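Colleague: Could you work out the structure for the sequence below:
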Amino acid sequence: MSEQLTLAAEMRGQVGKGASRSLRREGRVPAVIYGDKKEPVSIHLEEKALMRALMTGHFMNSTVVLDVAGTASLTLPKDVAFDPVSDRPVHVDFLRIGEHSTVTVQVPVRFIDEDESAGIKRGGVLNIVRHELELVCDASVIPDDVEISLKGFDVGDSIHISSVTLPKGSKVTIEDRDFTIATIVAPSALKSSEGEAADAAEAE
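Modeller: Prediction:
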């Protein structure tokens, strides 16, 4: 389960491009908290603390407690805007949620049991179609990732969502089709050898 993060924040006295630029020069990042049928709140965060949270690798699928002047708000990051030149964060949107609210998050997939895949052993290449799955889950139990076993899959096989065991309490947002997550494709050398064998069989 993704750990809960905590960030200190301060209220923004002024909003607008000029005020935001001034905050960024001071090492702060403008942000907004919205949702839960309450008025949006304009805040700003320390850029260094935000960068540390971003570098955890699971910021976007973790709940974040924002401490604003002693008042804590449980939130889920929904968007981070970055400067196209410096790649520094310039704005963050946080969705205010209840402790056991149902949330929609993008969760990375992680493949295991490669040594038990006949296709991988034969030199097949794992072609990942979806690196993340969009899941609906309880805000208190957001998974870090979704493990997908490659056991039993051979060259030419496709791994569909129906063969994946999702974390308890989670479900995919796409329920109207059995979509593909990955395939095991033959490498060039294997394709060539199989093609030669087929040509030889035809010649006979």
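Colleague: Got the domain ranges for this structure?
Modeller: 5-98, 103-203 (automatic domain parsing).
Colleague: and Thr183, how many neighbours?
Modeller: 19 (other CB atoms under 10 Å). Yep, even glycine has a C-beta here, placed from its N, CA and C like the rest.
Colleague: just to revisit the earlier point, can you list the domains of the chain in a markdown table and add mean pLDDT?
Modeller: Formatted as a markdown table, the domains of the chain follow (pLDDT from 0 to 100):
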| stretch | mean pLDDT |
| --- | --- |
| domain 5-98 | 90 |
| domain 103-203 | 86 |
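Colleague: Can you tell me what sits against whatever helix or strand Lys48 lives in?
Modeller: Using DSSP states H and E, Lys48 falls within helix 47-54. With CB atoms under 8 Å, 6 or more residues apart in numbering as the test, helix 47-54 has contacts from 5, 7-8, 24, 27-29, 59, 64, 80, 88-89, 92.
Colleague: For these, which single residue is the most surrounded?
Modeller: In terms of neighbours by other CB under 10 Å, these top out with Val92 at 27 neighbours.
Colleague: Give the full set of residues in contact with that residue.
Modeller: Contacts for Val92 (CB under 8 Å, 6+ apart) come out as Val29, Pro30, Ala31, Val32, Leu45, Leu50, Pro77, Asp79, Val80, Ala81.
Colleague: For it, give the beta-bridge partners.
Modeller: Per DSSP bridges, the residues bridged to Val92 are Ala31, Val80.
Colleague: And it, how close does it get to Cys137?
Modeller: 22 Å (CB to CB, to the nearest Å).
Colleague: do Gly152 as well
Modeller: Distance of Gly152 to Cys137, given as CB to CB: 27 Å.
Colleague: Please identify which of these two sits among more neighbours.
Modeller: The residue with more neighbours, out of Gly152 and Cys137, is Cys137; 21 against 12, by other CB under 10 Å.
Colleague: Quick one: the contacts of Val92 as CSV, columns for distance to Ser117 too.
Modeller: Shown next, in CSV, are the contacts of Val92 (distance: CB to CB, whole Å):
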residue, distance to Ser117
Val29, 43
Pro30, 47
Ala31, 44
Val32, 46
Leu45, 44
Leu50, 40
Pro77, 35
Asp79, 37
Val80, 36
Ala81, 40
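Colleague: In the chain, mark out all the strands, start to finish.
Modeller: Secondary structure of the chain (DSSP state E): strands at 5-11, 28-35, 38-46, 64-68, 71-82, 89-96, 102-112, 125-128, 132-138, 146-149, 158-160, 171-172, 180-185.
Colleague: out of those strands, which comes closest to Ala118?
Modeller: Ala118 lies closest, by CB to CB, to one member of the strands of the chain: strand 180-185, at 9.0 Å.
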